[in-house]
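Enquirer: Prediction below, plus the sequence it came from.
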Amino acid sequence: MRTLITNIGELTTNDPRLAAADPTGAADPTAAADPTGTLHDAAVLVEDGRIRWVGPIGDAPAPREADETVDAAGRAVIPGFVDSHSHLVFGGDRAAEFEARMAGQKYAAGGIRSTVAATRAATDAELRARLRGLLDEMHAQGTTTVEVKSGYGLDVATEERLVRLAAEATEEVTFLGAHVVPVEYADDPDAYVDLVTGPMLDACAPHARWIDVFCETGAFTVAQSRRILEAGIARGLRPRLHASQLGPGDGVRLAVELGAASVDHGTFLTDDDIAALAGSETVLTLLPGVEFSTRQPYPDARRLIDAGVTVALACDTNPGSSFTSSMPFCIAVAVRDMRMTVAEAVWAATAGGAAALRRDDVGRIAPGARADLVLLDAPTRVHLAYRPGVPLVHRVWKDGLPVA
Ligand code: NIG
Ligand code: FE
C-alpha cells in the first residue's frame with residue numbers, strides 16, 4: 001500500500017539533512033543546523049507503514065505510482081507526537097481533589113492512594129475500557145506513540161494486571177510499583193521496597209520494558225529509588241525516574257548516574273542538576289500539564305535548553321496531577337509559560353519523546369521511519385501554540401494507517 005501526501009505547505013521532518021536539500025530556497029542558510037528539518041511545499045510517500053520518500057513536490061513520485069493520494073492543500077504536517085510519560089490504567093475519579101486544589105489546597109503525593117483503592121476494585125474490562133478511551137483521545141490529538149506506566153495497584157496481583165493491560169496497548173510499558181508506599185506498608189516502607197524488588201518485579205518484568213520510581217519526599221528516598229532501579233536493571237528493564245516534582249532532591253543525579261533514558265518533572269532543578277543533565281544522555285521530560293493542574297511554578301525550559309539539556313514534553317496523563325491527554329495543549333503552555341520556541345516545543349513533543357524512549361523509528365519523518373504523521377488544519381506548526389485549545393489535528397496516521 002502506497003500513500004502519497006502532497007501539497008504540504010510546511011513539513012517538520014526532525015531530520016536536518018532533508019531540510020538542507022530543500023531546493024525552494026525557503027529554508028534559510030542555517031537550515032542544516034535546524035533540528036526540526038523543515039521543508040516547504042513538500043510531499044511524503046508512505047509505503048507499507050513506513051516513510052519511503054520525503055522531498056519537494058516537484059521531485060515527488062507521480063500520483064499514479066501511489067494507491068492513494070492525499071492533498072494537504074498547503075497545510076502543515078508534523079511527526080506524530082511521542083508522549084513518553086502517562087498513567088492510563090486506573091479506576092475512579094479525582095475531580096473533587098482538583099476542585100479543592102483550585103480553591104487553595106496543596107497537591108501532595110498521597111492523593112495517589114485514593115486512585116489505588118479504586119483501581120484495585122476495578123475489573124480488567126473496566127480498566128481496559130478506560131485505557132482505550134484515553135488512547136482514542138490521544139490519537140485524536142495527534143499522539144501516535146505512548147508510554148504507559150503501572151503504579152495504581154501497589155500489590156503484586158494488581159500491578160501485574162496493570163502492566164499486562166498496558167502491554168495490550170503499547171510496547172512502551174513501565175513498571176512503577178514504587179509510585180507511593182501503600183497504606184498497608186505505611187509503618188515499614190522498606191518492607192514494601194522488598195516486595196517491589198522481589199515478587200512484584202518477578203510478576204511484572206515479563207510485561208514491561210522500563211522501570212520507574214517516584215523519587216520524592218512523601219514517596220521514595222534516593223536510596224530506595226536506587227535499590228529499586230538497580231533491581232529492575234538486573235532483570236533487563238531500563239531505568240527512568242520521576243524526580244524534583246515537589247521540591248529539589250538528588251533524584252536527577254541518580255538518574256544520570258544510572259544512565260536513565262529520561263528523568264521526568266524537573267520542576268525544581270538546581271544548577272548541579274542542570275550541569276549533570278547537560279553532560280549526559282539522559283533526557284529531561286517536562287510535563288507542563290502538572291504545573292498547570294497543581295498550580296506550581298513552571299520550570300524554565302529556556303535555561304535548560306541553553307545549558308545543552310535535551311528536553312522532551314509529555315502529558316503525564318493521570319487522574320491526580322495532570323488529567324490532560326493533549327500534546328497540543330502542552331506545547332502551547334511550554335511556549336507561553338516555559339519560554340520554549342514553537343520549534344523547540346514541537347521537537348520536544350516528537351523527537352524529544354522518541355529520545356526519552358530511546359527510539360529512532362518514531363518522532364521524525366524520514367525514509368525508513370514509521371509512517372506516524374499528523375496533518376494539521378493550519379498552515380504552520382506555530383498555530384499549535386498560537387491557537388491554544390483549538391482542535392487543529394485534521395488527520396493522523398500511525399504505521400501508515402489512519403487512526404483519526
Ligand atoms: O507523574 N508524580 C507521581 N505520579 C503522578 C501523579 C499521580 C497522582 O497524583 O495520581 C505524576 O504526577
Ligand atoms: Fe507521572
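Expert: Okay, I see it. Ligands and ions are numbered 1, 2, ... in the order given.

Enquirer: Taking the protein, what residue is nearest to ligand 1?
Expert: Ligand 1 sits closest to Gly320 of the chain, with a gap of 2.1 Å, by C-beta to the nearest ligand atom. In short, each C-beta sits where N, CA and C put it, glycine included.

Enquirer: need the residues of the stretch 1-150 of the chain near ligand 1, please.
Expert: Residues of the stretch 1-150 of the chain lying close to ligand 1 by C-beta under 6 Å from any ligand atom are Gly111, Ile112, Thr115.

Enquirer: let's go with 8 Å and repeat that
Expert: Neighbours of ligand 1 within the stretch 1-150 of the chain, by C-beta under 8 Å from any ligand atom: His85, His87, Phe90, Arg94, Tyr107, Ala109, Gly111, Ile112, Thr115.

Enquirer: confidence score at the residue nearest to Gly110 when sequence neighbours are not counted?
Expert: Leaving aside its sequence neighbours, Gly110 sits nearest to Gly218 (C-beta to C-beta, 6 or more residues apart in numbering; 6.3 Å). The model reports Gly218 with a pLDDT of 92.

Enquirer: Gly142 now?
Expert: In this model, Gly142 is scored at 98, pLDDT.

Enquirer: quick one, phi psi at it?
Expert: phi 100, psi 10 (degrees, to the nearest 10).

Enquirer: Over to the closest residue to Gly111 other than its chain neighbours. Which of the three states is it?
Expert: Spatial nearest neighbour of Gly111, excluding adjacent residues (C-beta to C-beta, 6+ apart): Gly320 at 4.8 Å. Three-state assignment for Gly320 (DSSP: H, G, I helix; E, B strand; the rest coil): coil.

Enquirer: Alpha carbons only: can I get stretch 153-171 in PDB?
Expert: The C-alpha coordinates for stretch 153-171 follow below in PDB (Å, rounded to 0.1, in the frame of the first residue of the first chain):
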ATOM      1  CA  GLY A 153      -2.100  -1.200  42.000                       C
ATOM      2  CA  LEU A 154       0.700  -1.400  44.600                       C
ATOM      3  CA  ASP A 155       0.200  -5.100  45.300                       C
ATOM      4  CA  VAL A 156       1.600  -8.000  43.200                       C
ATOM      5  CA  ALA A 157      -1.700  -9.100  41.600                       C
ATOM      6  CA  THR A 158      -2.900  -5.600  40.700                       C
ATOM      7  CA  GLU A 159       0.500  -4.300  39.400                       C
ATOM      8  CA  GLU A 160       0.700  -7.500  37.300                       C
ATOM      9  CA  ARG A 161      -2.800  -6.700  35.900                       C
ATOM     10  CA  LEU A 162      -1.800  -3.100  35.100                       C
ATOM     11  CA  VAL A 163       1.400  -3.900  33.200                       C
ATOM     12  CA  ARG A 164      -0.400  -6.800  31.300                       C
ATOM     13  CA  LEU A 165      -3.300  -4.500  30.300                       C
ATOM     14  CA  ALA A 166      -0.900  -1.700  29.300                       C
ATOM     15  CA  ALA A 167       1.100  -4.200  27.200                       C
ATOM     16  CA  GLU A 168      -2.100  -4.900  25.200                       C
ATOM     17  CA  ALA A 169      -2.000  -1.200  24.100                       C
ATOM     18  CA  THR A 170       1.700  -0.200  23.700                       C
ATOM     19  CA  GLU A 171       5.200  -1.700  23.600                       C
END
